[in-house]
Structures are given as C-alpha cells and as structure tokens.
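Undergrad: quick one, structure for this:
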Amino acid sequence: MNNDLVMLVTEALEQAREQGMRQKDVAELSQIGEVGLSRLKKADDARFSTLQALGQSVGLKLIWVQDSKLAELVGKGELFD
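TA: Model (predicted):
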C-alpha cells in the first residue's frame, strides 16, 4: 500500500464527510464508481486523472512543490488560491 496515495484518498474522503457527502456521493461525482473508489483506497498506484477527479469532486486540487520549500510556502499562505 502506498502511504502517500492512502493519505490523499483519506483526505478527500474526510473533506467529503465535512461537506455532508457519503462515499457513494464522492464515487458518483468523481465518476470513479463505488468499486473503483474502494480499490483506490487499497491501491499501490493511481492515475493522475483519477486523483484529480477525486479531488475535484470534494473541492481539492493536487499541487506539486519541493519538499524543502513546503513549510515555507504553507507559512506564507502561497499554496492556496
């Protein structure tokens, strides 16, 4: 199991719960499907388009930053629109 992938999927599902959505709602909105979402929760790998769709369904966006600059960018609020 890929810990980074698990973290992304978990965060998306937590965001969904905060918005009052069920896992079934997320699966439908993201067009991943319930079986696909269940598999994604246990996967070692995923397509970028799948993660992007999952994030969009709950209002999240994937970004790419250097590890060494992450704390600085978060502190400055530069990772958020």
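Undergrad: buried stuff in stretch 36-45?
TA: Neighbour counts over stretch 36-45 (16 or more other Cβ atoms under 10 Å) mark 36-37, 40 as buried. Heads up, the C-betas are built off the backbone N, CA and C, glycines and all.
Undergrad: ditto for stretch 49-69
TA: Counting neighbours by 16+ other Cβ under 10 Å, one finds that the buried residues in stretch 49-69 are 50-51, 53-55, 57-58, 60.
Undergrad: hang on, the earlier thing: which one of the buried residues of stretch 36-45 is nearest to Asn2?
TA: Nearest to Asn2 among these, counting by Cβ to Cβ, is Leu40 at 10.6 Å.
Undergrad: returning to what we had before: how about the buried residues of stretch 36-45 in TSV, adding secondary structure, distance to Glu72 and pLDDT?
TA: Output for the buried residues of stretch 36-45, formatted as TSV (DSSP: H, G, I helix; E, B strand; the rest coil; distance: Cβ to Cβ, whole Å; pLDDT from 0 to 100):
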residue	secondary structure	distance to Glu72	pLDDT
Gly36	helix	36	95
Leu37	helix	34	94
Leu40	helix	31	93
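Undergrad: which one of the buried residues of stretch 49-69 is nearest to Leu8?
TA: Leu51 (6.1 Å).
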